[in-house]
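Asks: need the 3D shape of this:
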Amino acid sequence: MILVGIGSNLAAPGYRSPQDTALVALAQLPAIGAAVIAVSPWYLSEPVPASDQPWFVNAVAEVVSELSPGELLARLLALEARFGRQRGERDAARTLDLDLLDYDGRQCATAVLVLPHPRLQERRFVLAPLSDIAPDWRHPRLGLTAPELLMRLPPGQPIRRLDDPNGGLR
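Replies: Below is the predicted model:
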């Protein structure tokens, strides 16, 4: 199972909202070699760490791809750049954030790619949509399902599931 996290808290140039930005980016995943199998419902989440930035919209997509994990990550980063993503300060507001969360349970740690994503088990905005889309998925290192990881999180990281007809596509 290949899982991609999608987030935005700033509208990209030419888009009305962060969710519009994220939806259009999601629709472009097949063009970069990642066919979308399923998409979780969308969530509205407070930035982590908490700040005065706008809240994020977040979802998780299951994709299939013939690309290697490194090549898929490179294409995800290029797609972020096309939507105006500026890399600089960590945890800054962003037009688009595409994270390669898991690639068929592979484990690796290079200067460019860490699988599974090194902080996914700490993030409610990843684990809630991941629990919706793949409740039986297990963290490759920890052996726990997304719902189990979600229940272990400390209080905080407010999120709210959005009632949007474009979310929860299957």
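Asks: please pull out the lowest mean pLDDT helix or strand from the protein.
Replies: Counting by mean pLDDT, DSSP states H and E, the weakest-scoring helix or strand in the chain turns out to be strand 159-161, with a mean of 91.
Asks: paired strands for that strand, with orientation please.
Replies: Applying DSSP bridges, strand 159-161 is found paired with strand 43-45 (antiparallel).
Asks: tell me which residues in the following helix or strand past the partner strand are buried?
Replies: The C-terminal neighbour of strand 43-45 among helices and strands, as given by DSSP states H and E, is strand 56-64. Buried residues in strand 56-64, counting neighbours by 16 or more other CB atoms under 10 Å, are found at 56-63. Every residue, glycine included, has its C-beta placed from N, CA and C.
Asks: over to stretch 138-153?
Replies: With burial defined by 16+ other CB under 10 Å, the residues of stretch 138-153 counted as buried are 138-139, 145-150.
Asks: end to end, how far does that stretch reach?
Replies: Chord length of stretch 138-153, first to last residue, is 16 Å (CA to CA, to the nearest Å).
Asks: list the contacts of it.
Replies: 102, 105-107, 115-116, 120-122, 124, 127-128, 130-131, 134-137 (CB atoms under 8 Å, 6 or more residues apart in numbering).
Asks: shaky segments in the chain?
Replies: Applying pLDDT under 70 to the chain flags the ranges 49-50, 88, 90-92, 164-170.
Asks: all helices for it, in order.
Replies: 18-27, 69-82, 124-133, 146-152 (DSSP state H).
Asks: closest to Ser8 out of those helices?
Replies: helix 18-27 (3.8 Å; CB to CB).
Asks: give me the helices and strands touching that closest one, please.
Replies: The helices and strands touching helix 18-27, judged by 3 or more CB pairs under 8 Å, 6 or more residues apart in numbering; DSSP states H and E, are strand 2-8, strand 56-64.
Asks: so how far is Gly70 from Pro13?
Replies: Separation of Pro13 from Gly70 (CB to CB, to the nearest Å): 29 Å.
Asks: neighbour count winner among these two?
Replies: Taking other CB atoms under 10 Å, Pro13 and Gly70 do not tie; Gly70 has more neighbours (15 against 9).
Asks: where's that one relative to Pro135, distance?
Replies: On the measure of CB to CB, Gly70 and Pro135 end up 28 Å apart.
Asks: find the nearest non-adjacent residue to Pro47, please.
Replies: In space, and not counting its chain neighbours, Pro47 is closest to Gln53: 4.6 Å by CB to CB, 6 or more residues apart in numbering.
Asks: perfect, that will be all.
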